[in-house]
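**Student:** Sharing a model prediction with you, sequence too.
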Amino acid sequence: YGYADRVYEQALYHGAAELQNFGVLGLKSDGLRQWLEAAQNGTSVTADGIQPGLSKYRLAPETIAKSAELRTVLEQANLIVMTIGGNDFLPLFDEMKQHVMSPSDIQTWIDTMLASYQTSLEASLTAALAINPKAEIVFADQYLPVPKPSPINKAVTEEQYAVLQG
């Protein structure tokens, strides 16, 4: 029961609604771009073809293989809700485990990553809107997968957490 189910539940309060959930665990913004472009162009793709290692995630191969169905659903949608980006940031935590990173090191890493993230996200929006220019697209949220520092959680410092939260 995720956010897509809650959006659907709330939509029912406003009348008839239908939900198609194409969520893919582990998907990154560039993988989304490639998948949406495949749907736009009417080509089929594989999970590992759009993002190396994606097929290890449950249901990813089956879901990504539905690019034709994705296109059909997007053509009919009046609302497209996405949550994307959390997986793009995961390599930062590997970096932080391997060596001490100052808040400015973290900010530099994030700024560099955000440049490619923005490019992929804009291309994803362009592809989705090319399929259905009348659909409303909503990005639901961007979450921080690191809990706040505490006496028990010492994965990050308060200073590092502040940069990540920002």
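**Tutor:** Thanks, I have it.
**Student:** CA only for contacts and neighbour counts going forward, please
**Tutor:** Noted.
**Student:** which stretches of this structure form strands?
**Tutor:** Using DSSP state E, the strands found in the chain span residues 79-82, 136-139.
**Student:** which residues are in contact with the last one?
**Tutor:** The contact list for strand 136-139 (CA atoms under 8 Å, 6 or more residues apart in numbering) reads Asn78, Leu79, Ile80, Val81, Met82, Thr83, Ile84.
**Student:** Any chance of those in CSV with distance to Leu129 and neighbour count as columns?
**Tutor:** CSV is the format used below for those (distance: CA to CA, whole Å; neighbours: other CA atoms under 10 Å):
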residue, distance to Leu129, neighbour count
Asn78, 11, 13
Leu79, 11, 13
Ile80, 10, 17
Val81, 13, 15
Met82, 13, 16
Thr83, 17, 15
Ile84, 17, 21
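**Student:** Any idea which of the strands of the chain gets closest to Ala38?
**Tutor:** Taking CA to CA as the criterion, Ala38 comes closest to strand 79-82 out of those, the separation being 17.2 Å.
**Student:** Check which helices and strands the closest one is in contact with.
**Tutor:** Packing partners of strand 79-82 (3 or more CA pairs under 8 Å, 6 or more residues apart in numbering; DSSP states H and E): strand 136-139.
**Student:** Off-centre distance for the strand it packs on?
**Tutor:** With CA atoms, centre = their mean, to the nearest Å as the basis, strand 136-139 stands 13 Å off its chain's centre.
**Student:** Check which helices and strands the helix ranked longest in the chain sits against.
**Tutor:** Looking across the chain with DSSP state H, the single longest helix is helix 103-131. Applying 3+ CA pairs under 8 Å, 6+ apart, one finds that helix 103-131 contacts helix 29-41, helix 67-76, helix 158-165.
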